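Participant: okay, sequence plus prediction incoming.
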Amino acid sequence: MCGIAGILTESGGFDADALRRIVTDVRDSMVHRGPDAAGVWVDPDGGCALAHRRLSIIDLSEEGRQPMGNADGSVQVTFNGEIYNYEGLRDDLVAQGHCFHSHTDTEVIPHLFETFDPARVTQFDGMFAFGVWHRASRRLLLARDPFGKKPLYYAQGPGWFAFASELQALTRMPGFDATIDQDALAYYLLLQYIPAPFSIYRSVRKLLPGSTLVVDTDGGAIRVREPQRYFSFTPTEPRGAGGPSYAEREEELRLRVREAVRKRLMSDVPLGAFLSGGVDSALVAAMVTQELGRPLSTFSIGFGGTAETEHLYAREVAQHLGTDHHEEILSPDALQLVHEIANRLDEPNGDSSCLPTYLLSRFTRGQVTVALSGDGGDELFGGYGRYRDTLMEQGSRVQRLVRAVRTRRGATPADGYLSPRWLIFQPEQVGALTGGLPAAVAHSLADWRVLLNDPGQPLMHRMRALDAETYLPGAVLPKVDRMSMQVSLEVRCPLLDRDVAALAQGMPLSACWRPPAETKRILKDLAIRYLPAEWMHRRKMGFGLPSSAWSKEATLDLARDLLLAPSSRLGGLLDAAALKGLVDHQARPGCFSVYQVWPLLILELWLRRAMSG
């Protein structure tokens, strides 16, 4: 895993020395993403510079350095991620007469794009973000993997276009516009994260997952084309009779998950796995030890003095599977660590599980450089409790109408899902804080409601599609990427493999949901082949801090000190009276929610650091 950056400049812009100096500064703000090596390439014809920080995983030799070119140097790439099918792609290219000098997956990219064809990105099986410079056509191609595991930001400024793995890296660009985007603020308040293509800065955009972007500089001027999607996760109920049986689907899932895990064991450095004791991480570990017969080191953290900890479950799973298990028991004080987490985020992310994810990554990095995780299982196979609650709430039409009257909430699926189950603050609360709900946010809400209320597909599929498009790339994957890369740990997600996703996309409702209350049915049934059934049906805890890590009084005191002080950054960006009313409401009996206060603390602390330079 690595950190990438690049700059294009218009005619008469930065000379070669200035390009090298600026892109090096941008690159070296991300040393944690690649502590093993660094490189810069500047086009001899001018106008383009690429940079790279390397975390060595495949081919640890000097030949693996980036940026990297093809045989004649006419195509250059800076790449972050892993391409698991690179050996097959390389064999095909060699058969066509291409010559390679390294054993890295990166080198297939400049050879593959000698003919500038963005559609070739669909040949890659992996997680990635990269920039390819095509010298002959003076064009840059940016690409991001299907689910957005690897980040990619881009921005324009006076006479330049730049991209990087992290948002904060782009602030090093001369003339960078650091104006806070009011639309992004509203999205953050609604969701606790900022969805692509938005970023916290008005001048910066995130490339959508499963997208490419072409930038032309032929003729000297920079022209940024519209991003093009090449993938989206669209669950669809199979039509007609005669399809595979449930048992056949489960067996096909076994084969695909097994192969996904096998591919992700590719590494020239020590490799292990996160283990929570839940279905997804346990299944990944079982594939390594039981199906592939490989030894595995597993890692978990736990919390002392509370029943809200998964480490005991993880320990049981590790003993059953025979892994070399490592655990660390902590008694964290969330408020003592909130400043550190805010400082480690390149962009605000209010998911409180950022903190335990960072602690687990730091512990794991003490022994391995690569870790497997179970991320993606809930979105692809329908595992969240909010899916269960929404499906059970819908019931029959009569039940929905009765419940709507009793709760004074609408009877549609969107009413049930776009509630505190999914939204951090409701639209009317966000509107009060921002002086009216921005048009972009209102438009997104309308689109989400249309999707959730569409009777053309089962509700489970509609919720899965929404989360795969928004929550997974907006909150889950950035949390894992930022927290793990802070300690230079690469995390791989077998359940987000393209072939596993293709199978999940066509799973019938009965494979994801077994009434009255069982979610993620087929994944659990597969895991039961290796683990006791009762373990796979245990209550899902989620990877968060225990309530003992929070003190309501101390949290509210900090909120008042930060959010209501004259120096409050949010106080200057939001309606001050509405912000005070929100904090006062949290102090009322039964109204306190750490899931609402924590994102505000993170946002305020992040803004203080960013706006003070």
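Facilitator: Perfect, thanks for sending it.

Participant: in this structure, which residue is closest to the centre?
Facilitator: Taking C-alpha atoms, centre = their mean, the centroid of the chain lies closest to residue 477, which sits 1.9 Å from it.

Participant: what residues does the strand or helix carrying residue 215 touch?
Facilitator: Using DSSP states H and E, residue 215 sits within strand 211-216. Contacts to strand 211-216, defined as C-beta atoms under 8 Å, 6 or more residues apart in numbering, come from residues 8, 118, 121, 138-144, 154, 161, 207, 222-225, 227-230. Placement of C-beta: from N, CA and C, glycine included.

Participant: about what we covered before: contacting residues around the residue nearest to the centre of the chain?
Facilitator: Contacts of residue 477 (C-beta under 8 Å, 6+ apart): 147, 148, 149, 375, 493.

Participant: re earlier: in PyMOL, select just the buried ones from the contacts of strand 211-216.
Facilitator: Restricted to buried positions by 16 or more other C-beta atoms under 10 Å, the PyMOL selection for the contacts of strand 211-216 reads:
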select buried, resi 8+118+121+138+139+140+141+142+143+144+154+161+207+222+224+227
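
Participant: in strands, which of the contacts of strand 211-216 appear?
Facilitator: Taking DSSP state E as the definition of strands, the contacts of strand 211-216 contribute 8, 139-144, 154, 161, 223-224, 228-229.

Participant: sorry, back to before: ok, the contacts of residue 477 vs residue 55, which is closest?
Facilitator: Closest approach to residue 55 among these (C-beta to C-beta): residue 149, at 14.7 Å.

Participant: and for the closest one, the neighbour number?
Facilitator: 29 (other C-beta atoms under 10 Å).

Participant: ok, now residue 340?
Facilitator: The number of residues packed around residue 340, counting by other C-beta under 10 Å, is 12.

Participant: let's verify it: helix, strand, or coil?
Facilitator: helix (DSSP: H, G, I helix; E, B strand; the rest coil).

Participant: ok, it - contacts?
Facilitator: Contacts of residue 340 by C-beta under 8 Å, 6+ apart: none found.

Participant: next one, pLDDT for it please.
Facilitator: If you check residue 340, the pLDDT there is 90.

Participant: now do it against residue 49, distance only.
Facilitator: Plainly put, residue 340 is 33 Å away from residue 49 if you go by C-beta to C-beta, to the nearest Å.

Participant: and if you look at residue 358?
Facilitator: From residue 358 to residue 49 the distance is 32 Å (C-beta to C-beta).

Participant: the two: which is more packed in?
Facilitator: Set residue 358 next to residue 49 and count neighbours by other C-beta under 10 Å: residue 49 wins out with 30 against 21.

Participant: list the buried ones in stretch 318-330?
Facilitator: 318, 320, 321, 323, 325, 326, 327, 330.

Participant: quick one: contacts of it?
Facilitator: By C-beta under 8 Å, 6+ apart, the surrounding residues in contact with stretch 318-330 are 273, 275, 282, 285-286, 289-290, 295-304, 311, 314-315, 359, 363-364, 367, 530-532.

Participant: picking that back up, dump the contacts of residue 477 to TSV, plus pLDDT and secondary structure.
Facilitator: TSV is the format used below for the contacts of residue 477 (pLDDT from 0 to 100; DSSP: H, G, I helix; E, B strand; the rest coil):
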residue	pLDDT	secondary structure
147	98	coil
148	97	coil
149	97	coil
375	96	coil
493	97	coil
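
Participant: rewinding a little: buried only: go through the contacts of stretch 318-330 for me.
Facilitator: Among the contacts of stretch 318-330, the ones that count as buried by 16+ other C-beta under 10 Å are 273, 275, 282, 285-286, 289-290, 296-303, 311, 314-315, 359, 363-364, 530-531.

Participant: please flag which of those sit within strands.
Facilitator: Those of the buried ones among the contacts of stretch 318-330 lying in strands (DSSP E): 273, 297, 298, 299, 300, 301, 302, 303.

Participant: for residue 461, state which of those residues is nearest.
Facilitator: residue 273 (29.3 Å).

Participant: list the contacts of that closest one.
Facilitator: 281, 284, 285, 288, 296, 297, 298, 299, 323, 371, 372, 373.

Participant: distance of the residue nearest to the first one when sequence neighbours are not counted from residue 533?
Facilitator: Distances taken as C-beta to C-beta, 6 or more residues apart in numbering place residue 374 nearest to residue 281, at 3.7 Å, with adjacent residues excluded. Using C-beta to C-beta, one gets 18 Å for the distance from residue 374 to residue 533.

Participant: and these two? Which one has more around it.
Facilitator: residue 374 (24 against 10).

Participant: and the pLDDT for the more buried one?
Facilitator: What the model reports for residue 374 is a pLDDT of 96.

Participant: residues touching it, list them.
Facilitator: Going by C-beta under 8 Å, 6+ apart, the list of residues near residue 374 reads 274, 276, 278, 279, 280, 281, 282, 283, 284, 493, 495.

Participant: among those residues, which one lies nearest to residue 547?
Facilitator: Among these, and counting by C-beta to C-beta, the member closest to residue 547 is residue 276, at 18.2 Å.

Participant: that closest one and residue 300 touch, don't they?
Facilitator: Yes - contact status for residue 276 versus residue 300: in contact at 6.4 Å, counting by C-beta atoms under 8 Å.

Participant: and for the two, which residues touch both?
Facilitator: Common contact partners of residue 276 and residue 300 (C-beta under 8 Å, 6+ apart): 310, 314.

Participant: distance between the ends of stretch 379-391?
Facilitator: 15 Å (C-alpha to C-alpha, to the nearest Å).

Participant: list the buried residues in that stretch.
Facilitator: Buried, per 16+ other C-beta under 10 Å, within stretch 379-391: 379, 380, 381, 382, 383, 384, 386, 387, 388, 389, 390, 391.

Participant: give me the subset of the residues you listed lying in helices.
Facilitator: Counted as lying in helices by DSSP state H, out of the buried residues of stretch 379-391, are 379, 380, 381, 386, 387, 388, 389, 390, 391.

Participant: low pLDDT regions in the chain?
Facilitator: Within the chain, the segments meeting pLDDT under 70 span 1, 58-60, 306-307, 396-410, 541-544, 613.
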